[in-house]
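1. pasting the sequence and the predicted model now:
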2 protein chains.
Amino acid sequence: MKVHIKRTDALHGMEAQNQNQNTIRIDSSASGSQQGMSPMELLLAGIGGCSAIDIIDILNKQKQEIKDLQIDIEGERSNSVPKVFTKIHIQYHFVGDIAEAKAKRAIDLSIEKYCSVSQMLEKTAQISYTFDIKN
Amino acid sequence: MKVHIKRTDALHGMEAQNQNQNTIRIDSSASGSQQGMSPMELLLAGIGGCSAIDIIDILNKQKQEIKDLQIDIEGERSNSVPKVFTKIHIQYHFVGDIAEAKAKRAIDLSIEKYCSVSQMLEKTAQISYTFDIKN
């Protein structure tokens, strides 16, 4: 798996591209007019996206109809350098005809077993979640 | 630090947004026509971007003129679930009037001390780098 980054402005602006030419903008959150995700924000997007993919696959196999899924991810960082995440909290907001127990089981399976991003980030961050389901 | 994700298609397509409304597309690499970065690709973009920001700041303070910086990041994953990164190799390609020893020192300071992303990913992945400088 490969990613290429090129610098695009005079300070911290960058563009990252994967092997399928999908491109994202990266910038520092310290910048007054941030033009892309910061590297640490990419980790939060990564853990949310990774577990969403698992959860969608698991619930689809169980014929649970997901009409919508939105996720809020919040990270708390260490006060001292390196400012790693010490806590990550994920809120899953489902819309659909989804059994609560099946949603919980899918989230647990992702966070505790399948999601490679959470397995990496949990080495420094305590990971917690909540979820709600609307019809 | 907060990131919000919403699902944007019937399978794995998603959009993630930070608090400054910077948006990226996420998709699974398993998809035939991947429309965004995969979550694991976001980690590679994160470690490259994070160390680039440190290196730019350090070399700027030392009055080294960086005309261009491009970075290739490659990750090797475990064969078994969870497929965490076991190795990450970063290649830094500098263009500019930059002393080799200063570039090496800046990279070392980032990877070993300042870059919070590398401090998190190194818990499962062995991180290595090379660099070259052109005038």
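-> All right, it came through fine.
2. which stretches of chain A have low pLDDT?
-> A:31 (pLDDT under 70).
3. center of it - which residue?
-> Among the residues of chain A, the smallest C-alpha distance to the mean C-alpha position (C-alpha atoms, centre = their mean) belongs to residue A:48, namely 2.4 Å.
4. show me the contacts for that residue.
-> A:71, A:73, A:90, B:3, B:5, B:16 (C-beta atoms under 8 Å, 6 or more residues apart in numbering or on different chains). Every C-beta, even on glycine, is put in place using the N, C-alpha and C of the backbone.
5. distance to residue A:20 and secondary structure added to those residues, as a markdown table?
-> Compiled in a markdown table, the contacts of residue A:48 are given as follows (distance: C-beta to C-beta, whole Å; DSSP: H, G, I helix; E, B strand; the rest coil):
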| residue | distance to residue A:20 | secondary structure |
| --- | --- | --- |
| A:71 | 23 | strand |
| A:73 | 24 | strand |
| A:90 | 26 | strand |
| B:3 | 22 | strand |
| B:5 | 20 | strand |
| B:16 | 18 | strand |
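6. quick check: the farthest pair among those?
-> Within the contacts of residue A:48, two members stand farthest from each other by C-beta to C-beta: A:90 and B:16, at 12.6 Å.
7. okay, the two: which has more neighbours?
-> Neighbour count, other C-beta atoms under 10 Å in any protein chain shown: between residue A:90 and residue B:16, residue B:16 has more, with 29 against 25.
8. need the contact list for the more buried one.
-> When contacts are taken as C-beta under 8 Å, 6+ apart, residue B:16 is in contact with A:37, A:45, A:48, A:49, B:3, B:4, B:5, B:23, B:24, B:25, B:26.
9. likewise residue A:118?
-> Counting by C-beta under 8 Å, 6+ apart, residue A:118 has contacts A:47, A:50, A:51, A:110, A:111, A:127.
10. of the residues you listed, which is the most crowded?
-> Neighbour count (other C-beta under 10 Å) singles out residue A:47 as the most crowded of those, with 32 neighbours.
11. and the angle for the helix or strand where that one lies with helix B:39-61?
-> In the assignment (DSSP states H and E), residue A:47 maps to helix A:39-61. An angle of 180 degrees separates the directions of helix A:39-61 and helix B:39-61 when computed by axes from the mean of the first three to the mean of the last three C-alpha atoms, to 10 degrees.
12. so what's the residue count around the closest residue to residue A:106 other than its chain neighbours?
-> Nearest non-adjacent residue to residue A:106, counting by C-beta to C-beta, 6 or more residues apart in numbering or on different chains: residue A:58, 4.1 Å away. As a burial measure, the neighbour count of residue A:58 was computed by other C-beta under 10 Å and equals 18.
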